[in-house]
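S.K.: requesting a structural model of the entry that follows:
(2 chains)
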Amino acid sequence: MTNFILVPEALVVAGAVVLLLVARARRRSRRWLPTAAVALALIALIVELWVGGTLATFFGGALVQDRFALFAKAAVLLSAALAIAVTDWTDEDAPAIGMAMILLAAFGVMVIASASDFVGLWAGLELAAAAGVVLVSMRRTDLGLRLVVVGGVASALVLMGLAFVYATAGSADLPTLHRTVGVAGPILPFAIPIFLLLGGLAMRAGVPPFALGLGVQSGASPLAAGLIIGLVAAAALTVSIKIAAALTPVPAVFAPYLMVIAAVAMVGGGAAALATRSPRARLAYLAAGQAGWVAAGLATHYRVGVGASLFLLGAFVLAATTGPAVMGGADAGEFALAGMGVLRPARAAGVALVLLSLAGAPPLAGFFGEFAVGAALAQGGSLWLLVLGLLGALMSLAAALGSVRAIYLQSPPDESRRAAGGRLPVLTRLSTYGAAALCVAIAGYGIFASPIVSLADQGAEALGLR
Amino acid sequence: MILAGIVLASPSPAAVPGAGIFTSPLILSLTIWVPVAVAIAMSTIPNPRGRYDTLMKQIAFFTNLGLMFVLFVAYNQFQTFLPTMQYEEKLPWLASIGATYHLGVDGPSMTMMMLSGLIGITSVLASWGVRERVRSYFILLLLTQSAVNGAIVAHDMFVLVLFWGAAVIPIALLVLGWGGPRREAATWRLVGYWGLGTAALLVAVMTAYAASGGSSFDMDVLLKAVLTPRVQLAVGAALVVAAATRLPLFPLHGWARDVYSEAPLGVSIVIAGTASRLGGYLLLRTLVAAEHDASRLLSPFIAGLAALTIVYAAIAALRSTDMRWAAARLALVPGGLTVFGLAALAPLSIAGSALSIFTGGLAAALIVAAAWTLTDRAQTRSMQLLSGLAPRMPILTWVLILAALGLLGVPLMASYPAEAMILLGSFKNQPVGGFAVAAGLVLTAVALAVIVHRVLFGQPNHDAPAASDASLGESWYLGLLAGGLLWVGLFPGGPKLPGTDQPIFDPGLLNVMSAGITDIASAYTPPSTPAATQ
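M.R.: The predicted structure follows:
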């Protein structure tokens, strides 16, 4: 079994390379490509679920296969497959490159999930972010440049943080860090680099007030927006989980930062989602609010909290990655979604469930994750953070209901208005099935949560948490 | 006799013909998930240009009829001599935090499920006139019923929070999509208040969870944990806020006027009949049943809120210039009474409150439905124009009078035993509150008398638009609500064969309701004196 453990990674990378070669061939578009890419991602997911339970180490311990890696990889592969399936490929500038970038970003998260040292974390994060830059630049080079600059600042902060932590702890290895920080105690030389590191990761995750790159998603293609809101944020959050787990012996150096970030993200994300009228921007803010919940779970710095964060991360990456893609080109005002429930019922259901899940509405995936995090916060005595989270969730729910109303209760706008920024996605069999599968996944994630949350809990345990 | 029978629950089971014919380990899950499954199925049926709108209505109706049948079987086979939970289902859900899919019903919950079944059928009948986006409407209505049923049968606080919160979304969309001219304001008020209530409930649950060791959300564990009075007070206060937003109670009643008057009739019936009754049910199931210290500490405050609600509702109804607004305010009265009975913390008043959740739901739904239908038929909501309608609306006249009598709790109406138990049980523990509530009921009677006299028996207003009586379809849903009130009022212990104690087909709502009440109220039973013991 050990020999098959890296097969999902190999399949994803091979798929991305083939897609890039196809893009170079410059022939007319091939309609079977999305189906093939979805099949590839699903095969990788099946292999991961089949052999991923086996514990193993590779490359001298640089990559580790454990329950944490299994959970994160499965979540990201499912998200990538569904994102490719629901994307309206007629609205993408370079479909083959788009698919390749989604697969590469997924590979980046997979590397982070298995990484056991700073190099792996850094490489995975940068790979996912670079895929986002490429995809954004396909449509708007100015936005790509902006993303490079903002991402550069984030990268610099992360790199400085990692370097200082390495200098202080004397090791870039996460298990060694876990052992040594306990001996050193919560000292200032740790607190400063962790501050820089978490700041950089918050920027990458698009968490308010660090969401400097948020405007980028508005001008990007739907798939690129999903990549940045979902996969890149998931990469940053996965790094955060690993770093937080390694630093659990000294929670004083990271938990207060995370609590502040979580509080601002949960309340700020909800308020911004309520204030904006653009469906895609609203989705991005809702996602930022949910990322705040993930951070809140990490701030508890014990197994139940981190397990809950991991469980919520699965729901987050699923909704945030597929959300913009299933929404399609509806990035203008709320009218862009009007009548979608009548004209594109499967997609409409997908958009509605994604928005409600990101808002934490019951009984969808996001609610279950946020409830689990809430329980961990209560256990940890951080009821004030829970109350702020509920305030943010209330605003998020109101914002999501506004969009759901547009989808189901408003009449479709006339074609001239639609052309101004609300083109509905083209109907294809793959996208319809993909949207239906997305609905099942988001509803089923919570309803059949028992095995998933158990795996997430085992994932937290695999990080050495008690 | 009836009152004594409730407080001293009979230890001997009353045999019901047909008991044991139909059993299912999933009977409660059916009531939650069948509406969801039907809603999903309805969403997949092609309906080009509304060709199958009638089919959608029929599907919703027969789903509710089927649910009522299942509930009636469960009600009939309910063991009235057992104080424990029945029809229990338990599965692990979020194991790492101790959340389980735990369902179960005792007497009060079984009673409330019957209310939910009846309200479900009534709401579909009241929605028969919906013309726009029929499929979406009935899907949301079924999802609402599913959420309400889930909250009633939940025996795990996680499940309760899940369904309590889930009810907000379909109801908000129903008001937003099919409401009257002020639907936007009504919806956002509803979302704001109910969202606040959900947040308060979640805070209460999490506080209790953390204080009890953070091992389980199961009510058997969480509500039996020994909490310090301080924690109980915090939990209790949050529970009161949650309940007060839902019932609603003064001063958290801001949504009621707009929602009851702007929501489509079927939705108003669901909200007034069951969704809002969850507030009283929550207090009964959690605060009164488990947090005894907090109940005692908060009881004067809660009684004050209840009395204020009733007095406010009566005065506001009296001053209303809109018939629907008046009805919306009068619909607050049963909730106030329910909470007052709970606040009195006497076994008799608690039993009365449990019964008043059922009777109050019917009475509130009936007054809202009667006012809604009357204003629809009279083509105006203005109290200035509505006058002397009795000759032109004989059916609606009877219904409005029955609704008024139901609200006031006169003999032969189901609300009579409930109100009698509440007032008789509460005067010893809450004399001031009791007088205030009684004064509020007198004011309510005055308001109802003024409204009924003006609207039905006043001088006909010749400037008013033409009015017509309720149609056959409207008579059905109004008749069901009024019939429910009368049936339980006439046969609170169930109809029996002459000369025997053998129930014919209905074991009696009072008998079913009282199963479990003794257990809940036992903490508040006054210690018996040595003389009485001898």
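S.K.: the helices in the stretch 151-300 of chain A, which residues?
M.R.: Using DSSP state H, counting those that start in this stretch, the helices of the stretch 151-300 of chain A run over A:174-184, A:188-205, A:214-219, A:222-226, A:233-246, A:255-275, A:279-299.
S.K.: make a markdown table out of the ones you listed and add mean pLDDT.
M.R.: Converted to a markdown table, those look like this (pLDDT from 0 to 100):
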| stretch | mean pLDDT |
| --- | --- |
| helix A:174-184 | 82 |
| helix A:188-205 | 87 |
| helix A:214-219 | 65 |
| helix A:222-226 | 90 |
| helix A:233-246 | 93 |
| helix A:255-275 | 92 |
| helix A:279-299 | 92 |
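S.K.: closest one to B:Thr44 among those helices?
M.R.: helix A:279-299 (24.6 Å; CB to CB). Every residue, glycine included, has its C-beta placed from N, CA and C.
S.K.: give the buried residues for the closest one.
M.R.: A:279-299 (16 or more other CB atoms under 10 Å in any protein chain shown).
S.K.: how about it as PDB, C-alpha atoms only?
M.R.: Extracted in PDB, the C-alpha atoms of helix A:279-299 (Å, rounded to 0.1, in the frame of the first residue of the first chain):
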ATOM      1  CA  PRO A 279     -22.600  38.300  -5.400                       C
ATOM      2  CA  ARG A 280     -19.000  37.200  -5.800                       C
ATOM      3  CA  ALA A 281     -17.700  39.800  -3.400                       C
ATOM      4  CA  ARG A 282     -20.400  38.700  -1.000                       C
ATOM      5  CA  LEU A 283     -19.200  35.100  -1.300                       C
ATOM      6  CA  ALA A 284     -15.600  36.200  -0.800                       C
ATOM      7  CA  TYR A 285     -16.500  38.000   2.400                       C
ATOM      8  CA  LEU A 286     -18.600  35.100   3.700                       C
ATOM      9  CA  ALA A 287     -15.700  32.900   3.000                       C
ATOM     10  CA  ALA A 288     -13.400  35.300   5.000                       C
ATOM     11  CA  GLY A 289     -15.900  35.200   7.900                       C
ATOM     12  CA  GLN A 290     -15.800  31.400   7.900                       C
ATOM     13  CA  ALA A 291     -12.000  31.400   7.700                       C
ATOM     14  CA  GLY A 292     -12.200  33.500  10.900                       C
ATOM     15  CA  TRP A 293     -14.100  30.600  12.500                       C
ATOM     16  CA  VAL A 294     -11.300  28.200  11.400                       C
ATOM     17  CA  ALA A 295      -8.800  30.600  13.100                       C
ATOM     18  CA  ALA A 296     -11.000  30.700  16.200                       C
ATOM     19  CA  GLY A 297     -10.800  26.900  16.500                       C
ATOM     20  CA  LEU A 298      -7.100  27.000  16.200                       C
ATOM     21  CA  ALA A 299      -6.900  29.600  19.000                       C
END
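S.K.: ok, then the element right after that helix?
M.R.: Once the chain leaves helix A:279-299, the next helix or strand it forms, by DSSP states H and E, is helix A:303-327.
S.K.: can you list the helices of the stretch 151-300 of chain A in JSON lines and add distance to chain B?
M.R.: Shown next, in JSON lines, are the helices of the stretch 151-300 of chain A (distance: least, CB to the nearest CB, whole Å):
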{"stretch": "helix A:174-184", "distance to chain B": "21"}
{"stretch": "helix A:188-205", "distance to chain B": "24"}
{"stretch": "helix A:214-219", "distance to chain B": "25"}
{"stretch": "helix A:222-226", "distance to chain B": "24"}
{"stretch": "helix A:233-246", "distance to chain B": "15"}
{"stretch": "helix A:255-275", "distance to chain B": "11"}
{"stretch": "helix A:279-299", "distance to chain B": "11"}
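S.K.: turn those helices into CSV, columns for distance to A:Val64.
M.R.: Shown next, in CSV, are the helices of the stretch 151-300 of chain A (distance: least, CB to CB, whole Å):
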stretch, distance to A:Val64
helix A:174-184, 9
helix A:188-205, 20
helix A:214-219, 33
helix A:222-226, 28
helix A:233-246, 10
helix A:255-275, 24
helix A:279-299, 20
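S.K.: closest to A:Thr428 out of those?
M.R.: With CB to CB, the closest approach to A:Thr428 among the helices of the stretch 151-300 of chain A belongs to helix A:222-226: 14.3 Å.
S.K.: run the chain-centre distance for the closest one.
M.R.: Here the centre of helix A:222-226 is set off from its chain's centre by 12 Å, with CA atoms, centre = their mean, to the nearest Å.
S.K.: residue ranges in chain B under the pLDDT threshold?
M.R.: B:1-24, B:528-534 (pLDDT under 70).
S.K.: dead centre of it: give me the residue that sits there.
M.R.: Chain B has B:Arg277 as the residue nearest its centroid, 3.1 Å off, counting by CA atoms, centre = their mean.
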